[in-house]
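*Asks:* model this:
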Amino acid sequence: MGLDEVGERDGWRCWICDVSVDPAASVNDGLGPSIDRCGVLTRPLRRGQPGPGEERLAHRSCNTKKGAIKPTIAWPDHLFLVDPAPIVQSAERLIAKGGRELVARCPTEADASEAARWLEDRLTRLVPSVAFTTRIEQGGGQFLLSLLWPRP
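*Replies:* Numbers count the residues shown, from 1 in each chain. Predicted coordinates for the structure are as follows:
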């Protein structure tokens, strides 16, 4: 896939920082578009298939800073979370084994709902080929946010 095709597919948003990428910017500019060929969640969904994150749109500077290692996708500061789990690693474990994984605790159901909406939206853009869902459960005076993905 070429840069324009990847950019269109990804809505011209950097998959690492989740900020718009200017398609007209120079590819040599730090905020210009680039293709990250490693991506995230590169483990194949099934044997013999390419991984879901092989080519993703990124700012040149985000791609360069990341290098050949997996980036940290930060939870936004406006969400009220306790002990949030690393997003990329949690999603990778679910792709490998299926099931559910606790990703955060929240003091209120409204906080958990907001975090669930954000996480589902973010994962849809990180790994479009994988349909993750979330679940909120009350327990111990707090609300537990879980990420789910059934194994194919």
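
*Asks:* what are the ranges of the strands in this protein?
*Replies:* Using DSSP state E, the strands of the chain run over residues 33-36, 56-59, 99-106, 133-139, 142-149.

*Asks:* Could you dump those strands into TSV and include distance to Asp22?
*Replies:* In short, each C-beta sits where N, CA and C put it, glycine included. What follows is the strands of the chain, written out as TSV (distance: least, CB to CB, whole Å):
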stretch	distance to Asp22
strand 33-36	7
strand 56-59	9
strand 99-106	32
strand 133-139	32
strand 142-149	32
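
*Asks:* buried stuff in the helix ranked longest in the chain?
*Replies:* Scanning the chain for the helix with the most residues, using DSSP state H, yields helix 109-126. Residues of helix 109-126 classed as buried: Asp111, Ala112, Glu114, Ala115, Ala116, Leu119, Arg122, Leu123, Leu126 (neighbour count, 16 or more other CB atoms under 10 Å).

*Asks:* Please enumerate residues in contact with stretch 84-91?
*Replies:* 40-41, 70-73, 75, 101-104, 119, 122-123, 126-127, 130, 132, 147, 149 (CB atoms under 8 Å, 6 or more residues apart in numbering).
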